[in-house]
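Chemist: What follows is a predicted protein model with its sequence.
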Amino acid sequence: MILNPSLNLEHYWQTLPPDWPGGFWWHWLVFTVIIIAFVLTLVMGYIWIERRGMARMQARLGPNRAGPFGLLQPVADAIKVLIKEDIIPANADKIVHWLAPVVAFVPVLMIFAVVPFQDGALLADLNIGILYVVAISSVSTVGIFMAGWGSNSKYSLLGAMRNVAAVVSYEIPLMLSVISVVLIAGSLSMNQIVMAQNIPFILLQPLGFLLFFIAGCAEINRSPFDLMEADSELVAGFHTEYSGMKFALFYLVEYAEALAISAIITTLFLGGWRGPVLPPWLWFVLKVIIVFFVMVWTRTTLPRVRIDQLMALAWKFLFPLALINLIITGIQVLAWPEALPGVMILVNIAIMVILVLLWSRFFKLGWGRVEV
Amino acid sequence: MKFERYGIGIAKGLTVTFRHLFRHPVTTQYPEQRLNTSRRIRGNELIWDDMKCTGCATCAKTCPQGAIEIVTSTNLVENKYVVEKYQVDTGYCIQCGLCVEACPYEALFMGYSYERAKYRRGELVQTKEMMLESPDRQASGYMYPEIAAKLPQQTLLVERNIRKE
Amino acid sequence: MAIKTEPFVLNIGPVHPSTHGVFRMRATLDGEVIIDMEPIFGYLHRGIEKLAEERTYTGVIPLTDRLDYIASMSNNLAYVLAVEKLVGIPVPERAEYLRVIMAELQRIAAYLIAVGAFLNECGAFFTPFLYMFREREKIIDLFEMVSGQRLLYNYMRVGGVSQDIPEEFLPALDKFVREMPGFIDEYDRLLAENEILLARAKGVGILTKEMAINCSVSGPVLRASGVKWDIRKADPYSIYDRFEFEIPTGEVGDCYDRYRVRIEEMRQSLRIIEQAMEQIPSGTVKSEVPYLIRPPAGEAYAHIETPKGELGFYLVSDNSIAPYRCHIRAPSLMNLTVLREMVIGWKIQDAIIIFGSIDITVGEVDR
C-alpha cells in the first residue's frame, strides 16, 4: 500500500539535516525562537479568526476598530489584561495558586517540539514523536486541577473536577485513533508519518479523523464540550478567581491547546506540510487555520452537552468505535498491504457510514432525573 | 429499521451557519452611519410654542410623573395669563407623550433628537428658553401629521437587502 | 468504606447572566443533583399597584407598559379592556383591527426573545439569539413607525388606540409577513433536530397535565403539557372570533415541547395578521371619550392571552378620576409556583434550562 514511502514523487522540497544551521545548540536556539514566535503569533491570529469568523456567521461585524480590520484587537486585550490588579483569595494556597498557570501552559508549548514545519524542520525528530505528544499533553490537566484546588472556592473545585473527569475519559479514544494512523504509517515519528502520506490519511481513516476531532475538542474544552467555563452556567469554572496576567495565561492555554490539536490533526490526517505550489511551511499554516475554522464553525452552531452526557459519549460511543476502527485497520494492514488506495478509500468511508448509523441506533444516553 | 439521531441535525445546522458568511451583516456602525428614526419619535425633550400657550396647565395635570412645572401670573391689560416659568425636568420625564396629546391649543410638541446626554443631572432640566423651536431643536410628528409629513422617512430593516448579489 | 458527603447550599444569585432579570434561587445540592430549591423574588418591586391609585385612568397606561416590558402592547390592551368593561365604551372597528394586529405582532416579538434566550442557555453561543433579534428588529421598526418608541409604546387608549397608522405601515407589514415564514424555517433547520439539543431538552423538566391545571399555570407552558386552553378561543375578547387559527399543543410537557409550541404559535400569529390585514376597514381610531374618565362605582376583571400566559386586571372604582384598586394577575408569578416541582432531581445545568423554558419576566413577577 503506502508503507513504502520511497516509491513516490520526486522531492521538490528541501530536506533539512538534523543539526541545521550549524551544530546542536544553534539548532536548538533557532527552533526555540521559531516555536515561541509561531505559537504567540498564531494564538493572536486565532483569537482574531474566532471573533471575526463567529461574528460573521452570526450576522454581525466583529471587532474592527483596533487597527485595520481589528487585527490589533488581541494585542489590545493582552495589554488590558496585563495592567489589571492581581487578586489572590485570602485563604488560598499561595504556592499552588501561583504555580497553576505555569504548570498548565508549559506542557502545551513543549508539544510543538516534535511538530514538523518542513521536512526535517523540527526541534527534535524523536522516534517516539506521537507518544511524547500524548504523554506531555496530560500534564496540563494537573495544572488545571491545581487551579481549581488552590482557589479555595467550591465552584472552582466543581469546575476543575468536571474538567479532570472529562479529560481522562477522552484520552482513550484519542489515543486509539492515533494508533490506527501509526499502524498505516509504520512509525511513531511525526516526520515519518508526514512522509508516508502520499494520500492524506483523512481519506483512508475517515472514522479515525472524526473520532480524533471530537475527542480533541473535548480535551481542549471547546464547544460543544465547554461546560467547564461556560458563561451561562454558574461561574466561570476553574479560572474564576484569577485575574491579571495569570488569567491571561489560562486564556493563552486554551488557544494554544487549540493550536496544538490543530497542528496534530494537520500532521496526522491532512498531510502536514505537503502540497503542490506554495512553500511547505505556508501549507502547514494554511491547513492549521482551516482546521481551526472548522472548530469555530462548530462552536457557533452547536449547543452544549451536560456533564453526564459528556461522559456517556466518551465511554459508550467513542471508545467502542475507536476499538472497532483499530481492529479493522489492523486487519486491513495485515491482510491487504498492497491493495489499491482508491478501493481502500471507498471501503473505509462505507465502513464509517455503516458504523456511525448502527451505533447511533443502539446508543442510549441514560435518563437524567434522580429520585429524591 | 428507522435511523434517528445519527448526526443529520448537526449537519443541517452547520449549513445554515455557513450560509450566513455570505450575507451582509446587519450592523450599523454608529456614529459614522446613522439610521433615520421614526417620524413620530418621542424624543428626549419637549418643544414649546409660547405664542399659542395660554398657561392652562392641562399638560402639567396630565403628566403621570409630575415633571412639568408652570408658574403664571395675570396680565389684566391684555386679559391673558403670562407664563413666567415653564420648566420640564427631562430626568423625570418618561416620554409617554400624554402631555402632547392633552394640550388643547396645540402648543406642545415632542422633540426629534435622542442624543441629549449630559454630565450632570441638573443640566437635564429644560427651562423656558431651552424649549423654543429652533433649527437644531426640531419637533417630531407625534400626534401632528403635518409635521410628520416634512420629516425624512424612517429606515426599515425589512427594506434592507442582506443577500450579497 | 462509604464516603461521608453532605449537601451544600448554592445561590444561583440575583446577578447572573441566565436568570431573566434579578431573580434568586437557593438550591441545596448533593453533588450535582438538586434536592431542594427555594425561589426568592422581590428584587424589582416598584409598587405599580399602589402607584396606579394615584394616577388618572389614562395615566396608568404608561405604568402598565412597564409590567412585562418585553410585551408592552399586550399589557396596555388588558388594562384598556378592563376600563372599557367598567365604563361600557364601544370601540370603533378600525381600532379593533389595529389592536389585534399590534397584539399579534407583539406576540411574535416576545416569543422570539423567549426562544432565543432558551437556546442561549442551552449553550448555542448566541447564534440563534442574534438571528431572532434580527427579526425582532423588523417588528420593532414597525412599532416605532406607529407609536414613536421602540420598547414601551403607550399606544392603546380607553376607547381605541392613540393614533392612526401612517401609510407606509401596511406595505412594510406585508413584506414582513411574507418573509417571516422563511426565517422560521431557517430556525428550524438550525436547531430543531439537533441531536445535542434533543438530548438536553427532551424529557427534561416534565410538567404533567394534572399538575399544570392544579397550579393554575397558563400560556405556552400549559399548552405544552397537553391542555388545549387559549383565552382567545375559550373566552374571546376583542374580535378574535372572526379569525381562524389553531392552537398548537405539546404531548409530554418537557422543555422541548415548550420550545416547539412557541415556534408553532408564531406561525399561527402570522396567519391572524394576514387575515386582519385583508379585512381592516377605514374609519376613526378612537371613540369620543372625556378627558378625565369617571366610571360608575363598581368592579371589572378583564383577561387576555399575552405571550407569557393569562394577564388579568381587576379594577375597582369609586366614581373618582383614579382607580380605587388595581390588582394585576401576573402570569409569570403564577407559572413560577411550579418551578420547584419541576427542578428537583435534575442537575444544575438542567435547572437553568427548565427555568429558561418557563420564560418569566421579573417585571411581572414583582410588579
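Modeler: Great, that's in hand.
Chemist: Looking at the chain, which helix is longest?
Modeler: All of this refers to chain A. Scanning chain A for the helix with the most residues, using DSSP state H, yields helix A:24-57.
Chemist: try chain C instead
Modeler: Scanning chain C for the longest helix, with DSSP H as the assignment, gives helix C:93-122.
Chemist: Let me know whether that one sits next to chain A.
Modeler: Yes. Contact between helix C:93-122 and chain A is present through C:119-122 (criterion: C-beta under 8 Å from any C-beta of the partner chain). Glycine gets a C-beta too; all of them are placed from N, C-alpha and C.
Chemist: Write a PyMOL command that selects only the buried members of the residues you listed.
Modeler: A single PyMOL command suffices to select whichever of these are buried according to 16 or more other C-beta atoms under 10 Å in any protein chain shown:
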select buried, chain C and resi 119+120+121+122
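Chemist: can you tell me the residue of the stretch 201-350 of chain C closest to chain B?
Modeler: Per C-beta to the nearest C-beta, the residue of the stretch 201-350 of chain C with the smallest distance to chain B is C:Y291, at 7.1 Å.
Chemist: Spit out the contact partners of residue 128.
Modeler: This is for chain A. By C-beta atoms under 8 Å, 6 or more residues apart in numbering or on different chains, A:I128 lies in contact with A:188-189.
Chemist: wrong chain, I was asking about chain C
Modeler: For C:P128, the contacting residues are C:115-116, C:119-120, C:187, C:190-191, by C-beta under 8 Å, 6+ apart.
Chemist: Equivalent analysis for A:F213, please.
Modeler: When contacts are counted by C-beta under 8 Å, 6+ apart, A:F213 is found next to A:265, A:294.
Chemist: if I look at C:I304, how far off is chain A?
Modeler: Look at C:I304 and chain A: by C-beta to the nearest C-beta, to the nearest Å, they are 32 Å apart.
Chemist: C:P307 too?
Modeler: C:P307 sits 22 Å away from chain A, taking C-beta to the nearest C-beta as the criterion.
Chemist: what do you get for C:L105?
Modeler: Applying C-beta to the nearest C-beta to C:L105 and chain A gives a distance of 22 Å.
Chemist: Kindly report the same for C:A276.
Modeler: When C-beta to the nearest C-beta is the yardstick, C:A276 and chain A sit 30 Å from each other.
Chemist: swap in B:I70?
Modeler: From B:I70 to chain A the distance is 47 Å (C-beta to the nearest C-beta).
Chemist: Is that residue in a helix, a strand, or coil?
Modeler: Recorded secondary structure, B:I70: strand (DSSP: H, G, I helix; E, B strand; the rest coil).
Chemist: mind listing what it touches?
Modeler: Applying C-beta under 8 Å, 6+ apart, the residues near B:I70 are B:55, B:57, B:60, B:83, B:85-87.
Chemist: what's the answer for B:R19, then?
Modeler: By C-beta under 8 Å, 6+ apart, B:R19 has no neighbours at all.
Chemist: next SSE after the helix or strand harbouring it?
Modeler: Counting by DSSP states H and E, the element that carries B:R19 is helix B:8-19. Stepping forward along the backbone from helix B:8-19, the first helix or strand reached (DSSP H and E) is strand B:46-48.
Chemist: Please name every helix or strand in contact with that next one.
Modeler: strand B:108-110 (3 or more C-beta pairs under 8 Å, 6 or more residues apart in numbering or on different chains; DSSP states H and E).
Chemist: in terms of contact count, name the helices or strands touching the strand it packs on.
Modeler: With contacts taken as 3+ C-beta pairs under 8 Å, 6+ apart, strand B:108-110 sits against strand B:46-48, helix B:98-102.
Chemist: Tell me which of the ones you listed sits most buried.
Modeler: strand B:46-48 (a mean of 25; mean count of other C-beta atoms under 10 Å in any protein chain shown).
Chemist: Show me the shaky parts of chain B.
Modeler: For chain B, the stretches flagged by pLDDT under 70 are B:1-5, B:161-165.
Chemist: Pull up the residues of it that are close to chain C.
Modeler: Those residues of chain B that sit near chain C, judged by C-beta under 8 Å from any C-beta, are B:5, B:7-10, B:12-13, B:15-17, B:26, B:37-42, B:58, B:62-64, B:94-98, B:101-102, B:110, B:140, B:142-143, B:148, B:153-154, B:156-159.
Chemist: what about A:F69, distance to chain B?
Modeler: A:F69 is 13 Å from chain B, by C-beta to the nearest C-beta.
Chemist: May I have the residues that are in contact with the nearest residue to that residue once chain neighbours are set aside?
Modeler: Once its chain neighbours are removed from consideration, A:F69 has its nearest residue in A:R52; the separation is 7.6 Å (C-beta to C-beta, 6 or more residues apart in numbering or on different chains). For A:R52, the contacting residues are A:62-63, A:69-70, taking C-beta under 8 Å, 6+ apart as the criterion.
Chemist: Among these, name the buried ones.
Modeler: Judged by neighbour count, with buriedness set by 16+ other C-beta under 10 Å, the buried members of these are A:62-63, A:70.
Chemist: Let me have those residues in TSV, extended by secondary structure and distance to C:N335.
Modeler: Formatted as TSV, the entries for these read as follows, by DSSP: H, G, I helix; E, B strand; the rest coil; distance: C-beta to C-beta, whole Å:
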residue	secondary structure	distance to C:N335
A:G62	coil	38
A:P63	coil	39
A:G70	helix	43
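Chemist: And those, which is closest to C:L339?
Modeler: Proximity of the buried ones among the contacts of A:R52 to C:L339 (C-beta to C-beta) peaks at A:G62, which lies at 37.4 Å.
Chemist: for the closest one, what are its contacts?
Modeler: With contacts defined as C-beta under 8 Å, 6+ apart, A:G62 is in contact with A:51-56, A:70.
Chemist: Nearest to chain C among the residues you listed?
Modeler: Using C-beta to the nearest C-beta, the shortest approach to chain C within the contacts of A:G62 belongs to A:M54, at 7.6 Å.
Chemist: ok, the closest one touching A:M295?
Modeler: No. With contacts counted by C-beta atoms under 8 Å, A:M54 stays clear of A:M295, the gap being 10.7 Å.
Chemist: So for those two, which sits in the more crowded spot?
Modeler: A:M295 (22 against 19; other C-beta atoms under 10 Å in any protein chain shown).
Chemist: hang on, isn't that one packed against A:S262?
Modeler: Yes. In this structure, A:M295 sits in contact with A:S262. The criterion is C-beta under 8 Å, and the distance is 7.3 Å.
Chemist: SS state for B:Q87?
Modeler: Classification of B:Q87 into helix, strand or coil gives strand, according to three-state DSSP.
Chemist: if I read this right, it contacts B:E129, doesn't it?
Modeler: No. Between B:Q87 and B:E129 there is no contact under C-beta under 8 Å: 10.6 Å.
Chemist: higher neighbour count, the two?
Modeler: Set side by side, B:Q87 and B:E129 give different neighbour counts by other C-beta under 10 Å, the larger being at B:Q87 (15 against 9).
Chemist: Give me the distance between the more buried one and chain C.
Modeler: In this structure, B:Q87 and chain C are 20 Å apart, going by C-beta to the nearest C-beta.
Chemist: and the nearest residue in space to that residue that is not next to it in sequence, what is it in contact with?
Modeler: In space, and not counting its chain neighbours, B:Q87 is closest to B:E69: 4.5 Å by C-beta to C-beta, 6+ apart. Contacts were defined as C-beta under 8 Å, 6+ apart; by that measure B:E69 touches B:60, B:85-89.
Chemist: One more: A:V103?
Modeler: A:V103 sits next to A:139-140, A:142-143, A:146 when contact means C-beta under 8 Å, 6+ apart.
Chemist: swap the cut-off to 7 Å and go again
Modeler: Under the criterion of C-beta atoms under 7 Å, 6 or more residues apart in numbering or on different chains, the neighbours of A:V103 are A:142-143, A:146.
Chemist: Take those and keep only those in helices.
Modeler: Using DSSP H to define helices, the subset of the contacts of A:V103 located there is A:142-143, A:146.
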